[in-house]
Every structure is written in C-alpha cells, then in structure tokens.
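>>> Just the structure for this:
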Amino acid sequence: MLRALHIRDFVIVEHAEIAFGPGFTVFSGETGAGKSILIDALALTLGGRADAGMLREGAARADISAVFQASAAQQAWLAEHDIDAGDELVLRRVVDAQGRSRGYINGVPATVAQLRQLGDQLVDIHGQHAHQSLLRADAQRDLLDAHGGHNELRQAVAQAWKAWRGAAARLETAEREAGTLATERDRVQWQADELDKLDLKPGEWDALQGEHDRLAHAHSLLEGAQQTLAALDDADDAVQPRLTAATQRIAQLLRHDASLRTVHEELDSARIAVAEAVSDLQSYLDKLELDPQRLAQVEQRMGAAFDLARKLRREPAELPALRESLHAQLREMQASGDLDALRRQAAQAEADYRQHAAQLSSARRKAAKDLGKRVSAAMQQLAMQGGKFEVQLNEAPPSGAGLEAVEFAVAGHAGTTPRALAKVASGGELARISLALSVIASRAARVPTLIFDEVDSGVGGAVAEVVGRLLRELGERHQVLCVTHLPQVAACAAAHYQVSKVETGGATRSRIAELGKAERVEEIARMLGGIKLTDTTRKHAREMLGQQR
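Below is the predicted model of the structure:
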C-alpha cells in the first residue's frame, strides 16, 4: 500500500507531502490545477521516463519519493538484491536540469529496470486515455490475458514460438545452402584428411626442431664435450687434480691458522662442482652419438610439415590446433547439413508450440466467457441497459501471442448483434466500457494499489454515481486512488484531496490539501455548480455525502 508521496520541484508543484490511507481516495480540482501531475510524479518513482521538462521552472532538480508498506514478497526481492528491507519501501527518483535521472530503493542506487520491477508489484495505473488504447487489438488481448491470469501460459507460448521459428530458420538455411555447404564440406574434409595423414601432435614441432638442431651439430657437440672433459680431468694440467691438490694444501695450513677455513670451504665446493661436471660430461658423451639415419628421418618429418603448412598458409606449429578446429567444423556441418534431423527438430518444435498454444486458447475461451458475462452485467448499471459485451476469439496465423486474434464486440442495446468495439461504440459508451473493464480486471489484480486517472470522463448523472460505488467497492479490497471531475465519484471516497493553483511572485504553483467535512461540502458544491456556490448546491453536496455514510 502507498503510505506517502513527497514531491519537490516537479512541473508546477514546488513542494508537497501527501499521506495516504487504505480504501478509496479521490483528488479533485479545476482543470490545469495539476491533479494528474501527482500520478505522473508517482509513475516516475515506479520507473517512468524522465526528461528535463519535468522540472519546475527555475529549479535545479526534481525530487520525488514514494513510501510503500513492504509485503513479504517485496522484502524477499530487496534481500535478493542486497538492499536493507524493513516494513517500509522507499522508491526515489531525482531528475536534473539536463534530463539525467537517478533512482534509489531504500537509499541504495537502483536502475530504472529495478524500479519498474518493484513498481509492477506495487501499483497499477489506469490512465485517462485508457479507453482509446482499448481499440487496439493487442490491448484487448492483453486485458483478456490479465483477467484470466495467463501470464505463464503467454510466456510458454512465446518461448515455444521462438524455438519453432529458430528451428524452421535453420532448416530453411540448410535447404537453401545445401549445394554450397557440400562444396565447403569437401574443402574442409580434404584439409582435415591431409592433417590426419601428417598426424602432427601438439608440441611435436618444437621437439623436432630441438632434435634436429642437436643431430645436425652432433660432431661439434662430441668434439667440444671431449675437449672440455680433457681440460677438466684427463690432461696433465687438468683442473680437477690441481683443484684437489690446492684443497688438500689449504687443509694442511688450516691446522696452523683457522682463518683459512672459509678459503678451504670455497675450494672444496669448487672441487665438488668440477667433479659433478666431469661426471655429467661423461654421461653426456656416453649417450651422444652420430646418427645420420635419425637426422634424415627428422628432416623428412619436418619437410612434410613445412609442405602442408605452406599449402594451408599456416605456421607448422599451428597445424595440430587447425586439425582440431577443422574436425569441429565438420561436426557442425554434419549437424547443419543433416536435413532429415533438422526436419525432425522443426516438426518437434512446431508440435511443442501448438501444444502450448492450444492450452492458452482453452484458457482464453474460458476467460472470454467470464469477462463477457461480467462486463455485460456492469453495462446494465452504466446506463447501457440491454447491452451485451462479448470477447470474440478469431482464428489467426500462429504467432508468439498464440493462435487467435482477440476482439472485443459490443451491442449497445437489446436485440442487436454485438459488433467490433471500434466500429459501434460511441465515445461515452467506450469510456464506460473501459471503466467497467478496468474495475473488473482490477478486482483480480495482485498489486495493492490501483490508480484511476480521470477514467470516468464521458459519464455523468446516475451513471457517475454507479461509477463511484464501483470504485468504493473496489476500495474494500485494494487501496484505490482516483483523479476525478465528477462530484458523484468524489462523494463516494473515504478521503478527499483538493488540488488547486495559486499565484506567488508571478509564478503558478500547485497546492494539495486534504479536505475536512466542511471543506468537502464546498468542493463537491463547486464540482456541482461551478465557481459561484449557492445554498442549493451546498445542500445537494451535503446530501450526496450523507448518502455515502
């Protein structure tokens, strides 16, 4: 439920703080006073479009906050998005002079999409031009589905439709490009076959290069290793025996001077290192041998890799990865070129779609019958006695919205055949039917707050009184806010706010005030009789208010 609305510097509202209670609340005032501005301000906190034209002239920014009572579902949503949750939920929107806006939820910066997600759970706004949108086929379909609670079925149909269209498109592409695909598959298959024949393993090219370099320089390696070994161990002045002798000499001197211990340790370490080098060189020479046959094999392998790499315009080291890539392409081509499999997939996707669409059609038939019955009953109260409302479901080509087109039809009088709403309904009839649809659809609404922005335009007299009673009854189940110009509707409300314009310093400002009993009499009298109030209009106003007690 909406608890409060705080507005600063929005259009012609300089500052306003409005507290709301449960039940049915109305806003009234002269034309242009800013009644609908309140709805626009609230819509902005719920994720509506923002622009610089919303700022009060001369103001640096507009700032609107809406305070709601948080339900368990909204508290769970806040927890899911790491936002502190309490009994209150505060949605705030700030718009600067450049049209940039910032949103907040409980003081935490939020995106417009997040504001809309919460807004959809909190408020349902029926605009003053709702009866005009009622002439659109998509609006009629959406209203029927909202009445029937078909949201999950609609989503399932839309997803199945998307899957079917995707499968059909893949089949169509495969059939159209079958020849081209076969040529390309042959080319890729040849490349993959050549790479399979070569069978160059990952990392093998680097290993071949290293082995070739070693085999090609085996004579130089053998000669150099032998000369080094001789210098270290075999020659008359070899390093190892001389280093051993030096170490032993220092060891003898160490008996007389302990300060030579470090020198002795360093020499002994060098002796050990040379001994290890000698051992390693001997092992190396034992393994190293001239192998011209293996060298020829390596050169042949490298030449084959070079030749194929040149044909494929790649580096030899890239061939193993290319091989894997080509085989993956072949698998994809095989799948996309399997027309029988693609036909089966498309047929299955179509069957799935038609199954979901049939379920939606069945639900719509049931909802259409119920909605027609309810709206027809409401029409009898709204000065359309004998009138009848029908929801016609006409066969249509398959689409993401189902297998039928929804069309509202109405008969304004008894004995006439219902015809398309857009063709037969007058402006006043359309407004009344729209109001009946709004009220009936809202009875099943899950959101706690319902707002009607001058949806009672085009009606008057006894019909206006019926409208007021309908909205009051709706207020027993929801919080209902209504902007109205009808005294009969205003008299039915539990709370009444007056919106007026005042001139201050050459600028126009909008003022919002909650009316007490006496003030309500004056306002309803004004709505009844215009600017000049008389005792008669005041008496009539008191009678209207008394009838609603």
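>>> Beyond the helix or strand hosting R214, next helix or strand please.
In this assignment (DSSP states H and E), R214 forms part of helix 204-216. The element immediately downstream of helix 204-216 (helix or strand, assigned by DSSP H and E) is helix 218-229.
>>> The closest residue to Q547 other than its chain neighbours: neighbouring residues, count only.
Computed as CB to CB, 6 or more residues apart in numbering, the closest residue to Q547 that is not its neighbour in sequence is A491, at 7.4 Å. For the C-beta atoms, the positions are set from N, CA and C on the backbone; glycine is no exception. Residues within reach of A491, counting by other CB atoms under 10 Å, total 26.
>>> which ones are touching A491?
G468, I524, A541, M544, L545, Q547, Q548 (CB atoms under 8 Å, 6 or more residues apart in numbering).
>>> redo that, cut-off 10 Å
Going by CB atoms under 10 Å, 6 or more residues apart in numbering, A491 touches 26, 464-465, 468, 472, 520-521, 524, 527-528, 541-548.
>>> Does S438 touch E454 like I think?
No: using CB atoms under 10 Å, S438 is not in contact with E454; the gap is 11.8 Å.
>>> quick one: which of the two has more around it?
S438 (24 against 21).
>>> Checking that one next. Helix, strand or coil?
Three-state call for S438 (DSSP: H, G, I helix; E, B strand; the rest coil): helix.
>>> And it, how close does it get to I125?
Remark: distance between S438 and I125 (CB to CB, to the nearest Å) = 10 Å.
>>> from memory A304 sits against L198, does it?
Yes: applying CB under 10 Å as the test, A304 and L198 come out as touching, 6.0 Å apart.
>>> More neighbours: which of the two?
Applying other CB under 10 Å to A304 and L198 shows that L198 carries more neighbours, namely 19 against 14.
>>> Backbone torsions only: list them for that one.
Per-residue torsions, L198: phi -70, psi -40 (degrees, to the nearest 10).
>>> Go ahead and confirm it touches A309.
Yes: with contact defined as CB under 10 Å, L198 reaches A309; the gap is 9.4 Å.
>>> ok, A70 - contacts?
Counting by CB under 10 Å, 6+ apart, A70 has contacts 1, 76-78, 85-90, 106, 118, 122.
>>> Dihedrals phi and psi, it?
Here is the backbone geometry of A70 (degrees, to the nearest 10): phi -80, psi 130.
>>> how close does it get to V123?
Distance from A70 to V123, by CB to CB: 14 Å.
>>> For S438 and I125, list the residues in contact with both.
L450, F452.
>>> returning to what we had before: restricted to helices, list the contacts of A491.
Among the contacts of A491, the members falling in helices (DSSP state H) are 464-465, 468, 472, 520-521, 524, 527-528, 541-547.
>>> Throw together a PyMOL command that grabs the buried residues out of the residues you listed.
To isolate the buried subset of the ones in helices among the contacts of A491 in PyMOL, counting by 16 or more other CB atoms under 10 Å, use the following:
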select buried, resi 464+465+468+472+520+521+524+527+528+541+542+544+545
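>>> out of the ones in helices among the contacts of A491, who's nearest L486?
Distance to L486, by CB to CB, is smallest for A464 among the ones in helices among the contacts of A491, at 4.4 Å.
>>> Now the closest one. Nearest residue, chain neighbours left out?
Spatial nearest neighbour of A464, chain neighbours left out: Q488 (3.8 Å); criterion: CB to CB, 6+ apart.
>>> re earlier: tabulate the contacts of A70 in JSON lines, adding columns for secondary structure, neighbour count and pLDDT.
Formatted as JSON lines, these follow (DSSP: H, G, I helix; E, B strand; the rest coil; neighbours: other CB atoms under 10 Å; pLDDT from 0 to 100):
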{"residue": "M1", "secondary structure": "coil", "neighbour count": "17", "pLDDT": "90"}
{"residue": "A76", "secondary structure": "helix", "neighbour count": "12", "pLDDT": "88"}
{"residue": "W77", "secondary structure": "helix", "neighbour count": "19", "pLDDT": "89"}
{"residue": "L78", "secondary structure": "helix", "neighbour count": "19", "pLDDT": "90"}
{"residue": "A85", "secondary structure": "coil", "neighbour count": "18", "pLDDT": "79"}
{"residue": "G86", "secondary structure": "coil", "neighbour count": "10", "pLDDT": "79"}
{"residue": "D87", "secondary structure": "coil", "neighbour count": "9", "pLDDT": "83"}
{"residue": "E88", "secondary structure": "strand", "neighbour count": "12", "pLDDT": "88"}
{"residue": "L89", "secondary structure": "strand", "neighbour count": "23", "pLDDT": "93"}
{"residue": "V90", "secondary structure": "strand", "neighbour count": "19", "pLDDT": "93"}
{"residue": "N106", "secondary structure": "coil", "neighbour count": "16", "pLDDT": "92"}
{"residue": "L118", "secondary structure": "helix", "neighbour count": "22", "pLDDT": "89"}
{"residue": "L122", "secondary structure": "helix", "neighbour count": "22", "pLDDT": "89"}
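>>> Any idea how many residues pack against the closest residue to A494 other than its chain neighbours?
With sequence-adjacent residues excluded and distances taken as CB to CB, 6+ apart, A494 is closest to G23, at 4.0 Å. Neighbours of G23 under the rule other CB under 10 Å: 15.
>>> Distance check, G23 against V94.
Taking CB to CB, one finds G23 at 31 Å from V94.
>>> Can you spell out which helices and strands pack onto the helix holding R214?
helix 292-312, helix 319-336 (3 or more CB pairs under 10 Å, 6 or more residues apart in numbering; DSSP states H and E).
>>> same thing but at 7 Å, please
For helix 204-216, the packing partners by 3 or more CB pairs under 7 Å, 6 or more residues apart in numbering; DSSP states H and E come out as helix 292-312.
>>> And the helix it packs on, what does it pack against?
helix 178-198, helix 204-216, helix 319-336.
>>> Can you pull the phi/psi pair for R255?
Dihedral angles (degrees, to the nearest 10) for R255: phi -70, psi -30.
>>> count of residues packed around it?
8.
>>> Now for it: which residues touch it?
By CB atoms under 7 Å, 6 or more residues apart in numbering, R255 lies in contact with nothing.
>>> quick one: it from E17, how far?
102 Å.
>>> where along the stretch 1-150 of the chain do the helices fall?
For the stretch 1-150 of the chain, the helices defined by DSSP state H, counting those that start in this stretch cover 35-45, 72-80, 112-122, 130-133, 137-148.
>>> what residues are up against the residue nearest to A168 when sequence neighbours are not counted?
Computed as CB to CB, 6+ apart, the closest residue to A168 that is not its neighbour in sequence is A346, at 5.1 Å. Residues in contact with A346 (CB under 7 Å, 6+ apart) are A167, A168, L171.
>>> host element of A346?
helix 339-381.
>>> What strands flank the helix or strand following that helix, and is each parallel or antiparallel?
Downstream of helix 339-381, the next assigned helix or strand under DSSP H and E is strand 388-399. Applying DSSP bridges, strand 388-399 is found paired with strand 402-411 (antiparallel).
>>> how about the strand it pairs with as PDB, C-alpha atoms only?
The C-alpha coordinates for strand 402-411 follow below in PDB (Å, rounded to 0.1, in the frame of the first residue of the first chain):
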ATOM      1  CA  GLY A 402      -1.000 -17.600 -29.800                       C
ATOM      2  CA  LEU A 403      -3.400 -19.000 -32.400                       C
ATOM      3  CA  GLU A 404      -6.200 -16.400 -32.200                       C
ATOM      4  CA  ALA A 405      -6.900 -12.700 -32.500                       C
ATOM      5  CA  VAL A 406      -8.800 -11.300 -29.600                       C
ATOM      6  CA  GLU A 407     -11.600  -8.800 -30.500                       C
ATOM      7  CA  PHE A 408     -14.000  -7.100 -28.100                       C
ATOM      8  CA  ALA A 409     -17.500  -6.800 -29.500                       C
ATOM      9  CA  VAL A 410     -20.400  -4.800 -28.100                       C
ATOM     10  CA  ALA A 411     -24.200  -4.500 -28.600                       C
END
